[in-house]
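Asker: when you get a sec, could you give me coordinates for this:
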Amino acid sequence: MITKNEEVPKLAEAFEMKSLYFKREDLHPYGSHKGRSTPFMMNHYIKLGFKKFAISSSGNAALAAAHYVEHLNSIGVTGISLEILVGQHIKTKKLRKLEQFASDSIRITSHDRPLQTLFTITKDPEIKGLRQSNDDVSLIGYETLAAELAQIPNLKAVFMGTSSGTTAQALSQYFADNGLKIEFHIVQTSSCHELVNDFTNDPVIDEDSIADAIVDRTATRKNALLKLIKENGGNGWIASNEQILAAQEITKKNTGIDISTNSALSVAGLMQAVYTGNIWDGAVACIICGD
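Answerer: Predicted coordinates for the structure are as follows:
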């Protein structure tokens with residue numbers, strides 16, 4: 001098991017639930033759940049002959065890719081390069097993390113429109129873009145996460161903050177393919193909620209979300225993901241900044257764990273579900289995804 005399924009009984013008691021677990025992807029060696037799929041994608045394409053990679057990301061996916069290139073270098077795999085394209089308004093904290101990986105193999109460049117730049121440079125057939133939202137190879141990389149979650153006794157539901165929906169689709173599909181009736185609940189923000197609009201008619205607070213990793217507005221995976229969620233009995237939730245902060249506070253109080261605003265989305269979604277009458281006769285898991 002790569003990361004632990006950590007039971008949090010005091011938080012479960014606070015929510016009047018039978019059993020609650022945190023899936024501690026924040027403790028993944030590469031910093032987040034993206035460490036499951038990004039290296040898998042790179043391995044897949046390295047086997048096909050690619051050595052040059054590029055990624056448009058200012059967060060966890062880029063960090064996972066950088067970690068993996070550094071790992072390959074450490075075990076003597078040579079010739080692999082990575083360009084990380086970031087926007088000009090990237091937060092200083094995230095930029096500093098990425099800059100720690102800068103080397104002859106890893107280059108960080110700033111662009112007005114990093115995603116469009118990625119599309120341009122990957123017209124070169126020797127450069128492979130790493131974009132999970134439209135590459136189904138990425139789905140396979142999350143099977144290990146799904147298998148670990150399935151080890152939680154009597155698991156009935158999973159909550160996760162969601163941007164493109166790639167991880168949610170991969171986990172839901174794994175559960176379905178293996179005959180596991182597990183609800184999947186996706187949580188988005190007041191700034192970006194294209195995937196969950198079908199689940200709510202409530203007005204959305206107009207604010208810039210403090211959970212800044214939820215940014216995908218193209219919703220490429222929406223149809224496939226929503227079909228799976230509706231089949232497994234899950235739901236979609238929108239978390240305001242107030243709810244995210246409340247989730248961080250109640251988590252710290254009852255577990256002693258400081259979770260990021262992005263990780264807190266899973267708890268914020270669970271809070272809404274509980275307060276609107278959702279009850280499970282088994283365990284629920286919140287994915288603590290990382291920064």
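Asker: over to Ile108. Which of the three states is it?
Answerer: Ile108 falls in the strand class when you classify it by DSSP: H, G, I helix; E, B strand; the rest coil.
Asker: so where's this protein uncertain?
Answerer: Within the chain, the stretches with pLDDT under 70 are 202-203.
Asker: residues near Leu155, how many?
Answerer: Per other Cβ atoms under 10 Å, the neighbour tally for Leu155 reads 22. (Each C-beta comes from the backbone N, C-alpha and C, glycine too.)
Asker: sorry, that was for Ala14
Answerer: As a burial measure, Ala14 scores 17 neighbours (other Cβ under 10 Å).
Asker: for it, give me its contacts.
Answerer: Contacts for Ala14 (Cβ atoms under 8 Å, 6 or more residues apart in numbering) come out as 250, 253-254.
Asker: how close does it get to Lys4?
Answerer: Using Cβ to Cβ, to the nearest Å, Ala14 is found at 21 Å from Lys4.
Asker: now distance to Ser58 and secondary structure too, for the contacts of Ala14, in a markdown table please.
Answerer: A markdown table is the format used below for the contacts of Ala14 (distance: Cβ to Cβ, whole Å; DSSP: H, G, I helix; E, B strand; the rest coil):
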| residue | distance to Ser58 | secondary structure |
| --- | --- | --- |
| Ile250 | 29 | helix |
| Lys253 | 31 | helix |
| Asn254 | 31 | helix |
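Asker: and the helices in the protein?
Answerer: Taking DSSP state H, the helices of the chain run over residues 9-14, 34-47, 60-74, 92-99, 114-121, 137-141, 143-149, 166-177, 222-232, 241-255, 261-275.
Asker: for those helices, which one sits closest to Ser105?
Answerer: Among those, helix 60-74 comes nearest to Ser105, with 5.5 Å by Cβ to Cβ.
Asker: so which bits of the closest one are buried?
Answerer: For helix 60-74, a neighbour-count test (16 or more other Cβ atoms under 10 Å) marks 60-70, 72-73 as buried.
Asker: ok, those vs Thr200, which is closest?
Answerer: Distances from Thr200 to those, taken by Cβ to Cβ, are shortest for Asn60, at 26.3 Å.
Asker: please report the number of neighbouring residues for Thr200.
Answerer: By other Cβ under 10 Å, the residues close to Thr200 number 14.
Asker: quick one: contacts for it?
Answerer: Residues counted as contacts of Thr200 (Cβ under 8 Å, 6+ apart) are 236-238.
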